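Peer 1: Quick one: sequence and predicted model below, then my questions.
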Amino acid sequence: MTPQTPLTQEIISAEIAQARQAYAKAVEGGEPRRDHPDRGYAPYRSSVLRHPEQPLVALDDPDAVELSGPVFGVTDVTALDADLTRQHLGEPLGERIMVTGRVLGRDGRPVRGQLVEVWQANASGRYAHQRDQHPAPLDPNFTGVGRCLTDDQGRYAFTTIKPGAYPWRNHDNAWRPAHIHFSLFGTAFAQRLVTQMYFPGDPLFDHDPIMQSVTDDAARSRLVAAYDHDLSTPEWSLGYRWDIVLSGPAATWIEEGR
Amino acid sequence: MTPQPTPSQTVGPFYGYALPFAGGGDIAPAGHPDAITVRGRVYDGAGDPIPDALLEFWQPAPGGSRAGAPGSLRRDPVTGAVIGRTGLDFTGFGRVATDADGHYSIRTLPPGGAPYISVCVFARGLVHHLFTRVYLPELTDPATEPLLASLPPRRRATLLAVPEGGRVHRFDIRLQGDGVEEETVFLDFG
């Protein structure tokens, strides 16, 4: 048997650079800028068999059910759900942080009273999930799951612990930058968004094919929260601000009401 | 200035404690005589089932209302645990993770005013979710429904649920064609 050549970071980084150059060239040639990642992004190996090869079918139907969407209310969350540090008997280990921001539509209007869900690794970079076999300690005082409803200004806020970076098996010596997963709803199902928030200045950004799957530099920078000293609480926690803007069909922009 | 959209990122493999919830697929009130079941499997481009996909469903109520209702993931304010839907209200929203064999199932009521249930697909490896629709054949005429009629027959078939008898419908989702089976039609709402 011929030994398999290890899939090194160098190879993945070269593919990342190649995809970025191809995108820059396409934009130069008049292609529109892309806010979202290309679903077939080979440096992220799991995407290879999990993306459609046929073009999506564009639907411009003012009566589409997807222009409305599910609603949630006070029965769907409890007050403690937004504080990930108070879900167990003891205090979790790590750097206590507050993450807050606004959820907006493309028209800049706040998304009010909608569900925001988050999940993340603990301070050591380990998820409370039995398929996460990274040999970093689990924290009995941290599950890493939260939810809240946005307020009338579209604001959400979570108190949590800064997650750690962790290894994964995309390639040899692959590490994910620290991130918090976010799940968001708009007023239309078509505005649905699941994404990840990153922390400013993380040295792993350039190495990570998931973050780099967003090939547009400006778009990718919108995944990074800002440290905001005004959000830090003396003797207590550091503050980060991250606003989220939902894509969606033009028809939802002018919707009256909510 | 128009704010710029936040890019999508994959749901990853570790959403298990955060997103699925008990009774997530039980959209129909318990014991409702009109309840239907939609079930199927999610496959990748090698024809292998995807054990870590998350599916969300959204549909009008049987009377046609698209207003939805809160209470899909009702929680106990004392313990924080999911206590389930009221068993009376129709929220129109469902969420299920595929099992180790790529299966999912939901129990719901037929939608009113539209012949389909909207589906949003998330999965590890999928960097941007995908929308598709489960068209219920008893509610629609594929020859005249505008989206279905616009598609070649092989493509159209991927959007049509297959009756299995006993108010059960089969709807498989293929994120990529595997050379034999057709890739599911996915939709772009702009």
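Peer 2: Great, that's in hand. Numbers count the residues shown, from 1 in each chain, chains lettered A, B, ... in the order given.

Peer 1: Near chain B, which residues of the stretch 151-258 of chain A are found?
Peer 2: A:181, A:183, A:189-190, A:192-196, A:210-211, A:213-214, A:216, A:218-220, A:222-223, A:243-250 (Cβ under 8 Å from any Cβ of the partner chain). Yep, even glycine has a C-beta here, placed from its N, CA and C like the rest.

Peer 1: Now intersect those with the helices, please.
Peer 2: A:Ile210, A:Met211, A:Ala218, A:Ala219, A:Arg220 (DSSP state H).

Peer 1: Buried ones among the residues you listed?
Peer 2: Buried by 16 or more other Cβ atoms under 10 Å in any protein chain shown: A:Ile210, A:Met211, A:Ala219, A:Arg220, out of those.

Peer 1: Quick check: chain neighbours aside, which residue is closest to A:Tyr127?
Peer 2: Among residues not flanking A:Tyr127 along the chain, B:Phe14 sits closest, at 4.2 Å (Cβ to Cβ, 6 or more residues apart in numbering or on different chains).

Peer 1: Out of the ones in helices among the residues of the stretch 151-258 of chain A next to chain B, give me the two with the largest separation.
Peer 2: A:Ile210 and A:Ala218 (18.1 Å; Cβ to Cβ).

Peer 1: remind me which residues of the stretch 101-250 of chain A are low pLDDT?
Peer 2: A:250 (pLDDT under 70).

Peer 1: For chain B, what is the nearest residue in it?
Peer 2: Going by Cβ to the nearest Cβ, chain B is nearest to A:Trp119 of the stretch 101-250 of chain A, at 3.5 Å.

Peer 1: can you confirm that residue is in a strand?
Peer 2: Yes - A:Trp119: assigned to a strand according to DSSP: H, G, I helix; E, B strand; the rest coil.

Peer 1: For it, which non-adjacent residue is spatially closest?
Peer 2: A:Trp119's closest residue in space is B:Ala18 (Cβ to Cβ, 6+ apart), at 3.5 Å.

Peer 1: Would you check that the one you found makes contact with A:Ile180?
Peer 2: No - using Cβ atoms under 8 Å, B:Ala18 makes no contact with A:Ile180, being 10.7 Å away.

Peer 1: List the contacts of the closest residue to A:Ser247 other than its chain neighbours.
Peer 2: Distances taken as Cβ to Cβ, 6+ apart place B:Pro5 nearest to A:Ser247, at 4.2 Å, with adjacent residues excluded. Counting by Cβ atoms under 8 Å, 6 or more residues apart in numbering or on different chains, B:Pro5 makes contact with A:Asp35, A:His36, A:Arg106, A:Ala219, A:Arg222, A:Val245, A:Leu246, A:Ser247.

Peer 1: my guess is the fifth one meets B:Gln4, correct?
Peer 2: Yes - contact criterion Cβ under 8 Å: A:Arg222 and B:Gln4 qualify, at 6.4 Å.

Peer 1: So those two - more neighbours on which side?
Peer 2: Taking other Cβ atoms under 10 Å in any protein chain shown, A:Arg222 and B:Gln4 do not tie; A:Arg222 has more neighbours (19 against 16).

Peer 1: Tell me which residues touch the more buried one, please.
Peer 2: Counting by Cβ under 8 Å, 6+ apart, A:Arg222 has contacts A:Val245, B:Gln4, B:Pro5, B:Thr6, B:Pro7.

Peer 1: quick one on the thing from earlier: looking at B:Ala18 and A:Ile180, which has the bigger crowd around it?
Peer 2: More crowded of B:Ala18 and A:Ile180, by other Cβ under 10 Å: A:Ile180, with 25 against 20.

Peer 1: what's across from the more buried one in the sheet?
Peer 2: Residues in a beta bridge with A:Ile180, per DSSP bridges, are A:Gln120, A:Met197.

Peer 1: Overlap of the contact sets of A:Arg222 and B:Gln4?
Peer 2: Taking Cβ under 8 Å, 6+ apart as the contact rule, the neighbours common to A:Arg222 and B:Gln4 are A:Val245.

Peer 1: So the residue of the stretch 51-200 of chain A found nearest chain B versus B:Gly68, what's the distance?
Peer 2: Closest residue of the stretch 51-200 of chain A to chain B, Cβ to the nearest Cβ: A:Gly73 (3.0 Å). Separation of A:Gly73 from B:Gly68 (Cβ to Cβ, to the nearest Å): 10 Å.

Peer 1: Repeat that for B:Glu183.
Peer 2: Between B:Glu183 and B:Gly68 the computed distance is 30 Å (Cβ to Cβ).

Peer 1: next one: A:Pro200
Peer 2: A:Pro200 sits at a distance of 37 Å from B:Gly68 (criterion: Cβ to Cβ).

Peer 1: Compare those two (neighbour count), which wins?
Peer 2: B:Gly68 (22 against 11).

Peer 1: For that one, report the pLDDT, please.
Peer 2: Per-residue pLDDT puts B:Gly68 at 97.

Peer 1: give the contact list for it.
Peer 2: By Cβ under 8 Å, 6+ apart, the contact set of B:Gly68 is A:Ser68, A:Gly69, A:Pro70, A:Val71, B:Trp58, B:Thr91, B:Gly92, B:Phe93.

Peer 1: follow-up on the earlier one: please tell me how far the residue nearest to A:Trp119 sits from A:Pro37.
Peer 2: For B:Ala18 relative to A:Pro37 (Cβ to Cβ), the value is 21 Å.

Peer 1: What of A:Leu84?
Peer 2: Distance, A:Leu84 to A:Pro37, using Cβ to Cβ: 27 Å.

Peer 1: ok, back up a step: tell me, what's touching B:Ala18 and A:Ile180 both at once?
Peer 2: A:Val118, A:Trp119.

Peer 1: Show me where chain B dips below the pLDDT cut-off.
Peer 2: In chain B, residues with pLDDT under 70: B:1.
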